[in-house]
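In: Make a model of this:
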Amino acid sequence: MLRDLAAKLPFPILPVIYILAGLMLSFFSLNIFFELSEDLMEQERFRFDQVIIQYVSNIRTESLTDIMKFITFLGGTTVLTLLLIGSLVWLIVKRKNYWGAIFYIIAVAGGGLLNLGLKHWFGRVRPENSLIVEQGFSYPSGHSMGSLIYYGFLGYLVIRSQRGRSLKLLLGIGFITLILLIGFSRIYLGVHYPSDVLAGFSAGTVWLLLCIGGRESIRAYKKKTLPFFKRKHPQ
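Out: Next comes the predicted model:
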C-alpha cells in the first residue's frame, strides 16, 4: 500500500524516508554509545549493570548454562567467519551479487577491527567470576557487536531478496531474537557487563547502517532512484 502510494508521487519519497529513518537510528545509537563511553571514561558505575547481573545470577541453572554456552558460540569469531564464507559463496556464485559480497566483507571485517580498536582504547577489564574463560578487554562486547553486524546484514540481504513477505518477516524475527540472545548469553556467562553489550549493539548498529547505506547508494546510483543521482543531459 505504501509503495503504491509512493509510486503515484512525482518525487521518489521512499528512498528519502529510508535515509531519514537510518539517520535517526544512527544518531540514537551513536548517542547511547557516547553516553556510555563518557561515563566509563569518568569511571562512573552503571546502576543497571549491578541490577541485571544480580537478576541473572539468580536464574542460573546447569541446563540453562549449557544453552547459553551454545548460543554464545553462535556469536563467536569462528562461527561468524565460517558463516561469512558460506554467505559470500552464495552471494557470488548463486546470486552474482558482487557489490553485496563486497559490502558484507566490509561490514563484518571492518566491524571486527573497529571493535578491537575500541576495546584497546577503553581497556575495560572483564567481570570477575565468569562461567567461561575469555581473553581481552570487555568494552564493547565483541560478540554483541559482531553478531548484530553479521546477522543484521544477512537480514538486510533477505529483505532485499525476492522471497515472500511471510518468510522475510519470520527470518527477520529469528535474526533479531538470535542477536538479543547472544547479547544476553554474554551477561549470563559473566564475561561482559550489560553496559558492554549495550555499547556493542549501539556501535554495531551505527556501523551496520553505514555499510547498508553504502550498498544502497550504489544501488540508487545504478537505478537513478534518487534525484541527486539523476544525470542531467544537455539540451
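
In: and stretch 19-27, which residues are buried?
Out: The neighbour-count check on stretch 19-27 (16 or more other C-beta atoms under 10 Å) flags 22, 26 as buried. For every residue, glycine as well, the C-beta is placed using N, CA and C.

In: Measure how far it is from the centre of its chain, please.
Out: What separates the centre of stretch 19-27 from the centre of its chain is 14 Å, taken as C-alpha atoms, centre = their mean, to the nearest Å.

In: Kindly report the same for stretch 168-185.
Out: 11 Å.

In: Just give me the neighbour total for Trp121.
Out: Residues near Trp121, counting by other C-beta atoms under 10 Å, number 12.

In: wait, I meant Lys94
Out: When neighbours are defined as other C-beta under 10 Å, Lys94 has 8 of them.

In: backbone phi and psi for it, please?
Out: With angles defined as degrees, to the nearest 10, Lys94 sits at phi -80, psi -50.

In: how close does it sit to Ala101?
Out: 11 Å (C-beta to C-beta, to the nearest Å).

In: cool, Gln43 as well?
Out: According to C-beta to C-beta, Gln43 and Ala101 sit 43 Å apart.

In: Between those two, which has more neighbouring residues?
Out: Neighbour count, other C-beta under 10 Å: between Gln43 and Ala101, Ala101 has more, with 20 against 6.

In: give me phi/psi at the nearest residue to that one once chain neighbours are set aside?
Out: Spatial nearest neighbour of Ala101, chain neighbours left out: Leu91 (4.3 Å); criterion: C-beta to C-beta, 6 or more residues apart in numbering. The phi and psi values for Leu91, taken as degrees, to the nearest 10, are phi -70, psi -40.
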